[in-house]
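Chemist: Structural data only, the sequence is not supplied:
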């Protein structure tokens, strides 16, 4: 009997390993509005990537297609925070974004942003909000300093329908400040 028990236990273990795992799905907390799903090969991610590619070429016409006229621009860098610990919105919205991004081309050559797999995603939250995000590296060669800058850049764009209505950008402006200073010294 002992000789039979061991092979039966081994056989039962083998079947258990081959049978599909079943998990009981637990419902998400309905109060948690920060849950949802994400994709990276959707139309909104493609539009977000197209805006980044246009920025590299200083093609602001694409901005008008993707961004709402009432765009809110939030740049997350030091000293752009108010007394309530909120980012200050850039006055003039889309016009300021276009002007600022175009200004970069007067300071830098070879502006590029990495767009590797996984760096652009679109999130759909359970409460219906849709945002596209980017995590990558912005790089360029200073026209005045001749230095190559490589800056980690994080951007989030909030969608309403087919337009981005708010954009949040987080980066270290140190190399930008140095290039502006170099442009003023010449």
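Modeler: That came in fine, so what should we check first? Computed from a predicted structure; not experimentally measured. Numbers count the residues shown, from 1 in each chain.
Chemist: For the protein, which segments count as strands?
Modeler: For the chain, the strands defined by DSSP state E cover 36-39, 67-76, 108-113, 120-125, 130-142, 148-160, 163-170.
Chemist: closest one to residue 93 among these?
Modeler: Nearest of these to residue 93, taken as C-beta to C-beta: strand 67-76 at 4.3 Å. Backbone N, C-alpha and C define where each C-beta goes, glycine included.
Chemist: what distance separates stretch 67-86 from the centre of its chain?
Modeler: 16 Å (C-alpha atoms, centre = their mean, to the nearest Å).
Chemist: what's in contact with that stretch?
Modeler: Identification of contacts with stretch 67-86 by C-beta atoms under 8 Å, 6 or more residues apart in numbering yields 51, 87-90, 93-94, 96-97, 154, 160, 163-173.
Chemist: returning to what we had before: dump the strands of the chain to JSON lines, plus mean pLDDT, mean neighbour count and distance to residue 29.
Modeler: Shown next, in JSON lines, are these (pLDDT from 0 to 100; neighbours: other C-beta atoms under 10 Å; distance: least, C-beta to C-beta, whole Å):
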{"stretch": "strand 36-39", "mean pLDDT": "86", "mean neighbour count": "13", "distance to residue 29": "13"}
{"stretch": "strand 67-76", "mean pLDDT": "94", "mean neighbour count": "17", "distance to residue 29": "28"}
{"stretch": "strand 108-113", "mean pLDDT": "96", "mean neighbour count": "16", "distance to residue 29": "36"}
{"stretch": "strand 120-125", "mean pLDDT": "94", "mean neighbour count": "19", "distance to residue 29": "13"}
{"stretch": "strand 130-142", "mean pLDDT": "96", "mean neighbour count": "19", "distance to residue 29": "20"}
{"stretch": "strand 148-160", "mean pLDDT": "96", "mean neighbour count": "17", "distance to residue 29": "23"}
{"stretch": "strand 163-170", "mean pLDDT": "96", "mean neighbour count": "19", "distance to residue 29": "25"}
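Chemist: Pull the residues that contact stretch 140-147.
Modeler: For stretch 140-147, the external contacting residues (C-beta under 8 Å, 6+ apart) are 104, 106-112, 148-149, 175, 178-179, 182-183, 185-186.
Chemist: go again using 7 Å as the cut-off
Modeler: With contacts defined as C-beta atoms under 7 Å, 6 or more residues apart in numbering, stretch 140-147 is touched by 107-112, 148-149, 178-179, 182-183, 186.
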